[in-house]
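>>> Quick one, structure for this:
(2 chains)
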Protein chains: 2
Amino acid sequence: MASAGFAEIKDKRDLEEGGVFAPRFDATGLIVCMTVEASTNEPLMLAYMNAESLRLTLETRIAHYWSRSRNALWRKGDTSGQTQRVVDIRVDCDQDAILLRVEAGGDGGACHTGRKSCFYRAVDLATGALKFIDR
Amino acid sequence: MASAGFAEIKDKRDLEEGGVFAPRFDATGLIVCMTVEASTNEPLMLAYMNAESLRLTLETRIAHYWSRSRNALWRKGDTSGQTQRVVDIRVDCDQDAILLRVEAGGDGGACHTGRKSCFYRAVDLATGALKFIDR
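Numbers count the residues shown, from 1 in each chain, chains lettered A, B, ... in the order given. Coordinates of the predicted model:
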């Protein structure tokens, strides 16, 4: 699904080896985005963007997402203070995933639970239970 | 959507602060997975898992995904040699995203284009065009 303001590319080689940014939104108009801390590559969160949030992210260099639970545009930090300044925006080979490399503002956290990263639990491979990661 | 073999948790607090792994698959039975190199946190790829691929990943400690394009279980490396040994599996706050931290086998690459990472292009914030990242 293409969206207003972004190019659409169907040729696989152009999509993968070309220089035109042509993000591929899914049937619901969203593209998945993994967000990491630019200086360390620490994974912070995984969220979704629609065309408007991606456009606003590019224009303002402040991370904007689309909240699937609230069904609303979500400028990260508006309520939490956890702003994210964009250092770099990357796209994957077939242009259906975004990688956002950011500098975290506010308290440095990205997770609504107050933690720095949303990925604060690991699966214990022996038991299958979750264990909290000490940081 | 819950899937056979995994717990289902509806209470938000239990989901976010509990020790039970209860991955939330979407309406098509998939959960999104970001995969990074364990030693450096370098983002490698973004893919999807169904319950079977997640279960096999946990059991074998070799990354298994679900290929949406081929509609098939995909043990990473079977055709490419680009195997991924699982160091760590994490889940996000609301348990609808997986973070896989891996050691890459084969040539060390994760991308079918032959590159190490699928995220080999960045959006030029001034022009909106893609630029290839020198590594």
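>>> where along chain A do the helices fall?
Using DSSP state H, the helices of chain A run over A:12-17, A:51-60.
>>> can you list the ones you listed in TSV and add mean pLDDT, mean neighbour count and distance to chain B?
Where you see a C-beta, it was placed from the backbone N, CA and C, and this is true even at glycine. TSV is the format used below for the helices of chain A (pLDDT from 0 to 100; neighbours: other CB atoms under 10 Å in any protein chain shown; distance: least, CB to the nearest CB, whole Å):
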stretch	mean pLDDT	mean neighbour count	distance to chain B
helix A:12-17	96	14	6
helix A:51-60	96	18	7
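>>> could these be laid out in TSV, adding distance to residue B:62?
TSV is the format used below for these (distance: least, CB to CB, whole Å):
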stretch	distance to residue B:62
helix A:12-17	26
helix A:51-60	34
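>>> Run through chain A and note the low-pLDDT ranges.
Residues of chain A meeting the criterion pLDDT under 70: A:1-4, A:134-135.
>>> which residue is nearest the middle of chain A?
When CA atoms, centre = their mean is applied to chain A, the residue found nearest the centroid is residue A:33 (2.9 Å).
>>> That one: what's it in contact with?
Counting by CB atoms under 8 Å, 6 or more residues apart in numbering or on different chains, residue A:33 touches A:46, A:47, A:48, A:49, A:65, A:97, A:98, A:99, A:100.
>>> of those, list those near chain B.
A:46, A:97, A:99 (CB under 8 Å from any CB of the partner chain).
>>> from the residues you listed, which is closest to residue A:17?
Nearest to residue A:17 among these, counting by CB to CB, is residue A:97 at 16.8 Å.
>>> And the helices of chain A: which comes nearest residue B:38?
helix A:12-17 (26.2 Å).
>>> Show me what that closest one is in contact with.
A:9, A:20, A:22, A:24, A:93, A:94, A:95, B:113.
>>> ok, residue A:61 - contacts?
Counting by CB under 8 Å, 6+ apart, residue A:61 has contacts A:85, A:86, B:125.
>>> circling back: from the contacts of residue A:33, which land in strands?
Of the contacts of residue A:33, the ones assigned to strands by DSSP state E are A:46, A:47, A:48, A:49, A:65, A:97, A:98, A:99, A:100.
>>> For the fourth one, give the beta-bridge partners.
If I follow you right, that is residue A:49. residue A:31 (DSSP bridges).
>>> can I assume it is in contact with residue A:68?
No: assessed by CB atoms under 8 Å, residue A:49 is found out of contact with residue A:68, at 10.8 Å.
>>> list the residues that contact both of those two?
residue A:30.
>>> So between these two, which is more surrounded?
Per other CB atoms under 10 Å in any protein chain shown, whichever of residue A:49 and residue A:68 has more neighbours is residue A:49, with 25 against 14.
>>> Next one: the more buried one relative to chain B, how far apart?
Counting by CB to the nearest CB, to the nearest Å, the gap from residue A:49 to chain B is 13 Å.
>>> How about the contacts made by that residue?
Counted by CB under 8 Å, 6+ apart, residue A:49 has contacts A:30, A:31, A:33, A:57, A:64, A:65, A:66, A:98.
>>> For residue B:104, state which of those is nearest.
Closest to residue B:104, out of all of those and judged by CB to CB, is residue A:98, at 21.9 Å.
>>> what sits opposite that closest one in the beta ladder?
residue A:33, residue A:91.
>>> In this structure it contacts residue A:36, no?
No: counting by CB under 8 Å, residue A:98 stays clear of residue A:36, with 11.3 Å between them.
>>> Count the residues that sit near residue A:38.
The burial count for residue A:38: 17, using other CB under 10 Å.
>>> Many thanks, have a good one.
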